[in-house]
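K.L.:
Compute the structure for the input listed below.
(one chain, ligands or ions: 1)
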Amino acid sequence: MIGNINHIAIAVRDVEAASQQWQDTLGASCSAPQDLPEHGVRIVFVTQPNAKVELMEPLGEGSPIAGFLERNPDGGMHHICYEVEDILAARDQLVASGARVLGNGEPRIGAHGNPVLFLHPKDFCGTLIELEEVTG
Ligand code: CO
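P.N.:
The predicted structure is shown next:
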């Protein structure tokens, strides 16, 4: 059902410092930081030929990654995003096999403008999984 890994998201305290670290020590190419206030994060994309890493810093009050950083003060891997062709078909198949979809179970528009869903980390070895519908 799942396709390519679209991105791996890493929660960080300071996205500028993290971006500098990725560039200086790993030789990565990083985008400029972007504020996504509707998602409560400020992000930098680290682009590789096969996938992206997204460095995310909390933005504003009630950021969805604030609690994660309290539990993981050094930062850490927050989620893996897999691409799917049909997010509703993927959801229905997952729910039928007993996986839990977070929220109300309806896709919402994610950081890249595509429909996304998140799956409960307890169903996947403690790993939060994002599904993103990518067409074409
Ligand atoms: Co994501």
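K.L.:
which residues touch Glu54?
P.N.:
Shown in contact with Glu54 (C-beta atoms under 8 Å, 6 or more residues apart in numbering): His7, Ile8, Ala9, Ile10, Ile43, Val44, Phe45, Val46, Ala111. (Each C-beta comes from the backbone N, C-alpha and C, glycine too.)
K.L.:
tell me which of these is nearest to Gly136?
P.N.:
Lowest distance from Gly136 to the contacts of Glu54 (C-beta to C-beta) belongs to His7, with 17.7 Å.
K.L.:
you'd agree that closest one is up against Leu55?
P.N.:
No. With contact defined as C-beta atoms under 8 Å, His7 does not count as touching Leu55 (10.4 Å).
K.L.:
Helix or strand: which one has Ala17?
P.N.:
Per DSSP states H and E: Ala17 is located in helix 15-26.
K.L.:
near the ion, which residues of this protein?
P.N.:
Ala9, Cys81, Glu130 (C-beta under 5 Å from the ion).
K.L.:
Can you turn the buried part of those into a ChimeraX selection?
P.N.:
The ChimeraX command for the buried members of the residues of the chain next to the ion (criterion: 16 or more other C-beta atoms under 10 Å) is given here:
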select :9,81,130
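K.L.:
Serialize the residues of the chain next to the ion to TSV and add fields for secondary structure and pLDDT.
P.N.:
Below are these laid out as TSV (DSSP: H, G, I helix; E, B strand; the rest coil; pLDDT from 0 to 100):
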residue	secondary structure	pLDDT
Ala9	strand	98
Cys81	strand	97
Glu130	strand	97
